[in-house]
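Undergrad: Let's see this in three dimensions:
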Amino acid sequence: MDKSLFDKYKSDFNRDGFVMMKEAISKTQLIALRNKLDAWVEESKDFSESFGQQMDGRPRFDIEPSTHNKDNPALRRIASPVEVSQTYLDVTRDNAALDLIAHIYNPNIKLVGTKVNLKLPGSGTVVKYHQDFPFEPHSNDDIMTTLYFLDDVTLENGPLEVVPGSHLKDIYSLWHDGVFTGAVDERVEEEARRKAVKCVGKAGDACLMHTRVLHGSLPNLTKTPRCLFIATYASEDAIALDKNHLPSIYDGEIVRGKRTGRVRTSNYEMELPEYPEEASFFNQQSKVTV
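TA: The predicted structure follows:
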């Protein structure tokens, strides 16, 4: 670990709520993750709707219903890939970004959940602005969404857009007229887009993002894929206050340090999420009508 570099990363993170890390996974890890993902995309061509099964019975492989077909697959989410791939599990348990998370938050770090988000050419997948914390309420907010780039991320292929400093401000409602939409109000989104910066980088880099950062993304407008492996980690003393919407047998596994048996709380107030009945939060966000 380069302590001076990690100290700078931590300073930038505390100010902005996110930081870009180069070479967060090794080239060997990247190739292995990418090869497995390519196999899953190929498999999805044989299905006309979401398929597979998570622990709670929902589909594991989520397909964009309006654009998916055999010639142009639109697989958009794989839930808890660590349950069906030793490669993804091994990388989740040991990668360079984990060292940085332990440096930023706490030497004792646990796993919350994993997923792969895909933006394949022509899929049209959009992520409306939201914060992750209302999906994953814990006793404190030392929670890190870690987005590992499986492809080069450019300004044209639907990069993550984040609002610097928003982790220090309001927690916004994802409920509208009694419906859990998984997205902020359109007026909040309009303001967020004006302030947002786009996170671009090379395959193997990662964006480490605080759970309260406002973020979203636009469609991939290129002819090449833009895919992210996303692992959420938390300080070991952040205790879950609701069911994990990405259930996994590895939920809560200690990946750095040790289990202390202690709980730490922070002062905040927000609404609890709605547990999804559909394959993923993309279906929840499709309910946005505001």
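Undergrad: Could you give the bridge partners of the residue nearest the centre of the chain?
TA: For the chain, the residue nearest the mean C-alpha position is Ile230 (4.4 Å; CA atoms, centre = their mean). For Ile230, the beta-bridge partners under DSSP bridges are Lys115, Leu147.
Undergrad: Repeat that for the one 5 residues further on.
TA: Counting by DSSP bridges, Ser235 forms beta bridges with Ile109.
Undergrad: residues near it, how many?
TA: 25 (other CB atoms under 10 Å). C-beta: built from backbone N, CA, C; applies to glycine.
Undergrad: Compute the distance between it and Ile109, please.
TA: 7 Å (CB to CB, to the nearest Å).
Undergrad: now swap in Met270 and tell me
TA: 23 Å.
Undergrad: now do Asp237
TA: 10 Å.
Undergrad: the more surrounded of these two?
TA: The neighbour count for Asp237 versus Ile109, taken as other CB under 10 Å, is higher for Ile109 (23 against 20).
Undergrad: thought the more buried one was touching Asp99?
TA: No - using CB atoms under 8 Å, Ile109 makes no contact with Asp99, being 9.7 Å away.
Undergrad: Give the residues shared as contacts by these two.
TA: Common neighbours of Ile109 and Asp99, using CB atoms under 8 Å, 6 or more residues apart in numbering, are Arg256.
Undergrad: Give me the secondary structure label for Ile101.
TA: Classification of Ile101 by DSSP: H, G, I helix; E, B strand; the rest coil places it in helix.
Undergrad: So Lys10 belongs to a helix, correct?
TA: Yes - judged by three-state DSSP, Lys10 forms part of a helix.
Undergrad: pLDDT score for it?
TA: With respect to pLDDT, Lys10 scores 97.
Undergrad: With adjacent residues omitted, what lies nearest to it?
TA: Leaving aside its chain neighbours, Lys10 sits nearest to Ile104 (4.9 Å; criterion: CB to CB, 6 or more residues apart in numbering).
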